[in-house]
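**Student:** Return atomic coordinates for the entry below.
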Amino acid sequence: MVIGGGVVGSSVAMHLADAGLSVIVVERSGGPVEASTRNGGGVRAQCRNRPERLLAMRSQQLWRQLELDNGVDFEYRVSGNARLAYSDAALDKLRAEQLEEHADGLHTEIWTREQLNAQMPFLSPDVLGAKVCPSDGHANPILATWAVIAAAKRCGARYLTDTTAVAIGTVGGMVDSVVVHDSREGCTEIATPLVVHAAGAWSKDLASHVGIDLPLVPSRNAMMITESLPPMFDAFLSSHEKQVYLRQAQKGHVHIGGVFDIPGTFDQSVGVDEMEKLARAVELVPALKQARILRTWAGTLDYTPDHLPLVGPVVGLGGYVVAAGFSGHGFCLGPVVGEAVADLVLDRPPHVDLSALSPSRLEIAA
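**Tutor:** Okay, the predicted model is just below:
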C-alpha cells in the first residue's frame with residue numbers, strides 16, 4: 001500500500017505495479033491537490049547538494065521517458081535553469097557550486113553580464129551574472145502529476161480517493177494492515193505487508209501512531225500567476241538573494257513562487273506579505289511590473305532538519321518505507337524516488353544511491 005497519491009506516491013505505485021505487485025494508493029483528497037500540483041514545476045539538477053543532484057539528473061531522464069512512453073505532453077521543456085546573482089559574493093558561491101557540479105558530470109555555465117545582455121536581455125540590469133544549466137527545465141506540475149497517476153493506473157495500481165489512512169497495524173514488529181476511512185464506508189482494515197508512506201507533511205501524524213517520529217515541519221509555498229504575456233523567456237529563473245523563482249508557461253502566463261519561513265503551519269492562505277515578496281519578481285524581470293495578476297495560491301511543503309528527504313526503511317518496523325520530507329524538491333525528484341523505492345522493495349540492483357537519504361541518519365526508528 002502507498003499512502004499519498006501525489007507525484008512521489010504515484011511514481012512508487014507505478015513502478016511497483018509495473019513489476020507485478022498488487023498496489024493500492026490511499027489519497028485523502030479527490031486527487032493530487034497538495035504540493036505536487038502547487039509548485040513552480042522546476043526540474044533542475046543544479047544548485048543542489050550532491051545526494052539530490054545525482055537523483056535529479058536521473059529524474060530528468062525519467063521525466064522525458066514518461067512523456068515518450070505514454071504519449072502525453074505535460075509541457076516538459078529542457079529549456080535551461082538560470083540562478084541569478086546580484087552580488088559578487090553570490091557569484092562566487094555559484095562558481096564554487098559549478099566545480100562540484102562538473103565533478104559529478106553536470107554541465108553548468110557561468111554567464112557574465114555581457115552574456116546575459118545577449119541571451120537574456122529581459123533581465124534587470126542589477127543582475128551581475130548567473131549560473132546556467134542547459135539540461136535543466138520545467139513542466140506543468142498539474143499535467144505532469146496526472147500523467148504519473150494515469151501511468152500508475154495503466155500498470156494496475158488501484159486508487160482509493162477521498163480516503164484517509166488512520167492507523168497502521170503491526171504484528172511482531174512488522175506491518176500487517178492499514179485502517180482507512182471514507183465517508184461512504186466508514187473504517188475498513190486492509191491487509192498489507194508493506195506501507196510506503198508518501199503523504200508529505202501529513203505523514204508525521206500517522207507515523208507517530210506506530211512510534212515513529214518523523215521530523216517533518218510543514219511550511220507554506222506561495223504562488224501567483226500573471227495574465228498571458230508575449231514570450232519573454234524559456235528558462236526557469238530564480239534568485240536565492242530575492243527568494244523568488246519564475247517560469248513562463250507554454251500559454252504565456254508567468255508563474256511566480258517563493259518559499260516563506262512560516263514553520264508549523266498548514267494554512268494555505270496568501271496574504272499581503274506573501275504578495276509583496278512575490279512581487280520581487282520584477283527585480284528579476286522588470287517588464288512584469290505592468291502584468292496583471294490573475295490569481296494566487298499556496299501549498300504545504302514538508303521540511304526536514306537538514307533539508308534532505310527521508311527515503312528508505314525505518315529501523316524497528318519491517319515493511320514500513322518512508323518517502324517524505326522533500327523540502328520543496330519533491331516534484332522534480334518524484335520519478336527517481338519511485339524507481340529507487342521499487343528497487344529497494346524488490347531487492348533489485350539500485351539505479352541510484354539512497355544511503356544519504358536514509359531515515360537512520362536522523363536517528364529515526366520505531
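
**Student:** In contact with the most centrally placed residue in the chain, which residues?
**Tutor:** What sits nearest the mean C-alpha location of the chain, by CA atoms, centre = their mean, is Gly330, with 1.9 Å. By CB atoms under 8 Å, 6 or more residues apart in numbering, Gly330 lies in contact with 6-8, 35-36, 200, 309, 337. To be clear about C-beta, it is placed using only N, CA and C from the backbone, and glycine gets the same treatment.

**Student:** now it: how far from Val337?
**Tutor:** Using CB to CB, to the nearest Å, Gly330 is found at 8 Å from Val337.

**Student:** What of Val272?
**Tutor:** Here Val272 is placed at a distance of 36 Å from Val337 (CB to CB).

**Student:** Of these two, which one has the most company?
**Tutor:** Val337 (31 against 7; other CB atoms under 10 Å).

**Student:** The helix or strand harbouring that one: how far from the chain's middle?
**Tutor:** Per DSSP states H and E: Val337 is located in helix 330-345. The chain centroid and the centroid of helix 330-345 are separated by 11 Å under CA atoms, centre = their mean, to the nearest Å.

**Student:** about what we covered before: find residues that contact each of Gly330 and Val337.
**Tutor:** By CB under 8 Å, 6+ apart, the residues touching both Gly330 and Val337 are 8, 309.

**Student:** buried set for the host helix or strand of Lys204?
**Tutor:** Element membership of Lys204 [criterion: DSSP H and E] is helix 203-208. Buried residues in helix 203-208, counted by 16 or more other CB atoms under 10 Å: 203-204, 206-207.

**Student:** got the CA coordinates for it in PDB?
**Tutor:** Extracted C-alpha coordinates of helix 203-208, given in PDB (Å, rounded to 0.1, in the frame of the first residue of the first chain):
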ATOM      1  CA  SER A 203       3.000  11.700   7.100                       C
ATOM      2  CA  LYS A 204       4.100  12.800  10.500                       C
ATOM      3  CA  ASP A 205       0.800  12.200  12.400                       C
ATOM      4  CA  LEU A 206       0.100   8.700  11.200                       C
ATOM      5  CA  ALA A 207       3.700   7.600  11.700                       C
ATOM      6  CA  SER A 208       3.500   8.700  15.300                       C
END
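
**Student:** And for it, what's in contact with it?
**Tutor:** Contacts of helix 203-208 with the rest of the structure, by CB under 8 Å, 6+ apart, involve 3-4, 165-168, 197, 199, 213-214, 216, 302, 322, 324.

**Student:** what's the farthest-apart pair in those?
**Tutor:** Farthest-apart pair in the contacts of helix 203-208 is Ala167 and Asp302; separation 20.7 Å (CB to CB).

**Student:** ok, these two, which is more surrounded?
**Tutor:** Taking other CB under 10 Å, Ala167 and Asp302 do not tie; Asp302 has more neighbours (26 against 15).

**Student:** Find the nearest non-adjacent residue to the more buried one, please.
**Tutor:** Using CB to CB, 6 or more residues apart in numbering and skipping the chain neighbours, the partner closest in space to Asp302 is Ala201 (3.8 Å).

**Student:** Report how many residues lie close to that neighbour.
**Tutor:** Using other CB under 10 Å, Ala201 has 23 other residues around it.

**Student:** One more: Leu310?
**Tutor:** Applying other CB under 10 Å, we find 25 residues neighbouring Leu310.

**Student:** Local confidence estimate at the residue nearest to it when sequence neighbours are not counted?
**Tutor:** Leaving aside its sequence neighbours, Leu310 sits nearest to Gly325 (CB to CB, 6+ apart; 4.3 Å). Gly325 is assigned 96 on the pLDDT scale.

**Student:** Brilliant, that's me finished.
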